[in-house]
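[1] Next one to model:
(one chain, ligands or ions: 1)
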Amino acid sequence: MHARPRVDLASASPRRQELLRQIGVDFALLAPGSDEDAEALEQVLRGESAAAYVTRVTRLKLDAAVARQIRRGLPDAPILCADTTVALGRSILGKPGDADEARAMLARLSGRAHRVLTAVALRWARTGRLHTAEVLSTSQVRFAALTPTQIDDYVASGEPFGKAGAYAVQGRAACYIQHLRGSYSGIMGLPLFETAQLLRQAGIPV
Ligand SMILES: Cc1cn([C@H]2C[C@H](O)[C@@H](COP(=O)(O)OP(=O)(O)OP(=O)(O)O)O2)c(=O)[nH]c1=O
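    Residues are numbered from 1 along each chain as shown. Model prediction:
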């Protein structure tokens, strides 16, 4: 019997770590260092669709992670990374920079449906063979109409920060989500059905 290869999870997101643990994948963290410029990586290009954006950023994250694995002298291991973005019509909502931005995002999401896109990519350079694969998960989320007090209270809870679209489905925002269609884990940041498929395709048992 072969030992299961350990996956390098190229992510600083605690949600992604928790989700990967949920499906029993053995992983090590290959999180970006403080010297790596995440903001530059996440710039939206003019006219770029949410799907093109999230896929492109995920590829950039993967490239950066491959370089990091080599730079840190780590053994060759399959690298997994992901990016999540919220799309409201043609607008892309990233992580709010401050409380005003969080309030504005939530006011826009109030009483409407939006999409949450998470792209996942895996790369594994095994002797003589380079395997790269990616997948995109798209879900739809409908928020109830929020009152200004609800928005203020939610922002004051601190939960919107560090989250695309200024909310966490797995947190208090659950009180405001009327309906969702798609992948709950994908909305949280790592679609588990699709991730398991990617891992199996690369020959990693899940
Ligand atoms: C919509 C939504 C997003 N999120 C989170 C998932 C992601 O962590 C975050 C979007 O930011 P990302 O840029 O996708 O990821 P990250 O910077 O947190 O982590 P890394 O790049 O190191 O992997 O928003 C939730 O936790 N719940 C939600 O309901």
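
[2] near the ligand, which residues of this protein show up?
    Within the chain, the positions near the ligand by CB under 6 Å from any ligand atom are 11-13, 15-16, 82-84, 86, 95, 116, 162-165, 167-170, 187-189. From N, CA and C alone the C-beta is placed, and that goes for glycine too.

[3] then the helix or strand of the chain with the lowest mean pLDDT to CSV, C-alphas only?
    Within the chain, no helix or strand scores below helix 38-41, which has a mean of 78 by mean pLDDT, DSSP states H and E. Extracted C-alpha coordinates of helix 38-41, given in CSV (Å, rounded to 0.1, in the frame of the first residue of the first chain):
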residue,chain,number,x,y,z
ALA,A,38,-1.3,39.8,-1.9
GLU,A,39,-3.0,43.1,-2.8
ALA,A,40,-1.2,43.5,-6.1
LEU,A,41,-2.2,39.9,-6.9
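
[4] I'd like to know which elements it is packed against.
    Applying 3 or more CB pairs under 8 Å, 6 or more residues apart in numbering; DSSP states H and E, we find helix 38-41 packed against helix 50-71.

[5] Now do the helix it packs on: which elements does it pack against?
    With contacts taken as 3+ CB pairs under 8 Å, 6+ apart, helix 50-71 sits against helix 38-41, strand 79-88, strand 113-126, strand 129-143.

[6] tell me the angle of the longest one relative to strand 79-88?
    Between the axis of strand 129-143 and that of strand 79-88 there is an angle of 30 degrees, by axes from the mean of the first three to the mean of the last three CA atoms, to 10 degrees.

[7] neighbouring strands for strand 129-143, and are they parallel or not?
    strand 113-126 (antiparallel), strand 177-181 (antiparallel) (DSSP bridges).

[8] Mind putting the ones you listed into JSON lines with mean neighbour count and mean pLDDT?
    Shown next, in JSON lines, are those (neighbours: other CB atoms under 10 Å; pLDDT from 0 to 100):
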{"stretch": "strand 113-126", "mean neighbour count": "22", "mean pLDDT": "94"}
{"stretch": "strand 177-181", "mean neighbour count": "13", "mean pLDDT": "98"}
